[in-house]
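Asker: Need a 3D model of the sequence below.
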Amino acid sequence: MSISWNSIEGAIELGLLYALMALGVYITFRILDFPDLTVDGSFTTGGAIAAVMISNDFSPWLACLAAMAGGMVAGACTGLLHTKGKINGLLSGILMMIALYSINMRILGAPNKSIMGMDNPFSGEHVMVLIIIVVLVFKIMLDLFMKTDVGLALRATGDNKRMIRSFGANTDVTTIVGVSLSNGLVALSGAFIAQQSGFADITMGIGMIVIGLASVIIGEAILGARTVFWATLAAIVGSIIYRIVVALALQVEWFDTSDLKLITAVIVIIALVFPTMQRSMKQRSLARKRTEELMRSGGQQTKGGM
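Answerer: Numbering: from 1, shown residues only. This is a model prediction of the structure:
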């Protein structure tokens, strides 16, 4: 298996682009404790809006802002279905994901749209530096937002919805804001991916929720999630590591490109099982030490009684 620096560099670049999507997944799954499957649809929405606007000679950055706005609208709809429509959170996401398939097809006007050869931020030099700056800016903005009153209410809603209601906070509003912000970041990631790859496709969002979860879980296993700063950094690092692992796996001779979904599933399984096994081993070790201490203290008492 020969590994080239270009493939690793490409994996890091992709990991940074997908990091915005991982940050969005972190908001819903970790902060709000909301199982949002809208992600698979809103990712494509972002890519579709960006591709259509760029192909119509709009500024790529304006296209990215419009894509983010489109994702936020999709997230707000999911939040409204759950809070005002009283529909189960998981089902709300599924319904919106299904609806977005048709909406995305309407936006694209075809199963895919090419923007290859058109000017965008990823067609020039120093692409990696630009991507790092963009990701860090959004990470810092998210960290600062979580320290505001709305951000603190958002975190409290995920921790204990009943308690935050007793303080007079409107948990419906915070849930809608959180899901909307999450899907805005996801759609922005989709817009960047469409520009980087040169096209938007109606199926480009399939499996994004799994990739986002894998990134968050891998990052937390490595860096932990002691504070919001570390948790958001963990999501970014996890996204990069995930892409590097996928790139390395695809270098193996008996793996084909079509096995990407299988590789993703295996990575997620390992990421989920490993922390559980680690905790179990620590608990066994602590229990063994405690048992040995009790046996020693019992033996000393017996000698003292004699």
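
Asker: Spell out the residue ranges of the helices in the stretch 151-300 of the chain.
Answerer: 161-166, 171-197, 208-223, 228-250, 260-305 (DSSP state H, counting those that start in this stretch).

Asker: Buried residues of stretch 158-172, list them for me.
Answerer: Burial within stretch 158-172, assessed by neighbour count using 16 or more other Cβ atoms under 10 Å, is assigned to 158, 161, 164, 169, 171, 172. In short, each C-beta sits where N, CA and C put it, glycine included.

Asker: if I look at the residue nearest the centre of the chain, how far off is residue 226?
Answerer: Geometric centre of the chain, nearest residue: residue 22, 2.0 Å, by Cα atoms, centre = their mean. Computed with Cβ to Cβ, to the nearest Å, the distance linking residue 22 and residue 226 is 18 Å.

Asker: Ok, residue 179 next?
Answerer: Counting by Cβ to Cβ - residue 179 and residue 226 are separated by 25 Å.

Asker: rewinding a little: need the buried residues of stretch 158-172 in JSON lines (columns: distance to residue 233 and pLDDT).
Answerer: Formatted as JSON lines, the buried residues of stretch 158-172 follow (distance: Cβ to Cβ, whole Å; pLDDT from 0 to 100):
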{"residue": "158", "distance to residue 233": "19", "pLDDT": "81"}
{"residue": "161", "distance to residue 233": "27", "pLDDT": "75"}
{"residue": "164", "distance to residue 233": "26", "pLDDT": "75"}
{"residue": "169", "distance to residue 233": "28", "pLDDT": "72"}
{"residue": "171", "distance to residue 233": "28", "pLDDT": "86"}
{"residue": "172", "distance to residue 233": "30", "pLDDT": "89"}
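
Asker: Could you export the residues you listed as a markdown table, including distance to residue 68?
Answerer: Shown next, in a markdown table, are these (distance: Cβ to Cβ, whole Å):
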| residue | distance to residue 68 |
| --- | --- |
| 158 | 22 |
| 161 | 27 |
| 164 | 27 |
| 169 | 26 |
| 171 | 24 |
| 172 | 23 |
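
Asker: So what touches stretch 81-99?
Answerer: By Cβ atoms under 8 Å, 6 or more residues apart in numbering, the list of residues contacting stretch 81-99 from outside reads 34-41, 74, 77-79, 171-172, 175-176, 179.

Asker: Check stretch 120-140 too.
Answerer: Taking Cβ under 8 Å, 6+ apart as the rule, stretch 120-140 contacts 9, 12-13, 16-17, 19-20, 23, 54, 60-61, 185, 188, 192, 195-196, 232-233, 236.

Asker: Separate out the buried members of the residues you listed.
Answerer: 12-13, 16-17, 19-20, 23, 54, 60, 185, 188, 192, 195-196, 232-233, 236.

Asker: Neighbour count: residue 179 and residue 226, which is higher?
Answerer: Each of residue 179 and residue 226 has its neighbours counted (other Cβ atoms under 10 Å); residue 179 has more, 33 against 9.

Asker: my guess is that one meets residue 76, correct?
Answerer: Yes - under the criterion of Cβ atoms under 8 Å, residue 179 makes contact with residue 76 at 7.2 Å.

Asker: list residues touching both of these two?
Answerer: Between them, residue 179 and residue 76 share no contacting residue under Cβ under 8 Å, 6+ apart.

Asker: give me the number of residues near the spatially closest residue to residue 101 that is not a sequence neighbour?
Answerer: Of all residues not flanking residue 101 in the chain, residue 41 sits nearest, at 6.4 Å (Cβ to Cβ, 6 or more residues apart in numbering). Neighbours of residue 41 under the rule other Cβ under 10 Å: 30.

Asker: which ones are touching residue 41?
Answerer: If you count contacts by Cβ under 8 Å, 6+ apart, then residue 41 has 74, 96, 97, 98, 99, 100, 101, 103, 104, 205 around it.

Asker: Out of these, which sit inside helices?
Answerer: Counting by DSSP state H, the contacts of residue 41 place 74, 96, 97, 98, 99, 100, 101, 103, 104 in helices.

Asker: what about burial for those, which qualify?
Answerer: By neighbour count, with 16+ other Cβ under 10 Å, these hold 74, 96, 97, 99, 100, 101, 103, 104 as buried.

Asker: correct me, but the last one touches residue 43?
Answerer: It refers to residue 104. No - with contact defined as Cβ under 8 Å, residue 104 does not count as touching residue 43 (9.6 Å).

Asker: Can you say which helix or strand has residue 113 in it?
Answerer: strand 112-114 (DSSP states H and E).

Asker: Residues contacting that strand, please?
Answerer: With Cβ under 8 Å, 6+ apart as the criterion, strand 112-114 contacts 48, 51, 52, 55, 198, 199, 200, 201, 202.

Asker: and if we set it to 7 Å?
Answerer: 51, 52, 55, 198, 199, 200, 201, 202 (Cβ atoms under 7 Å, 6 or more residues apart in numbering).
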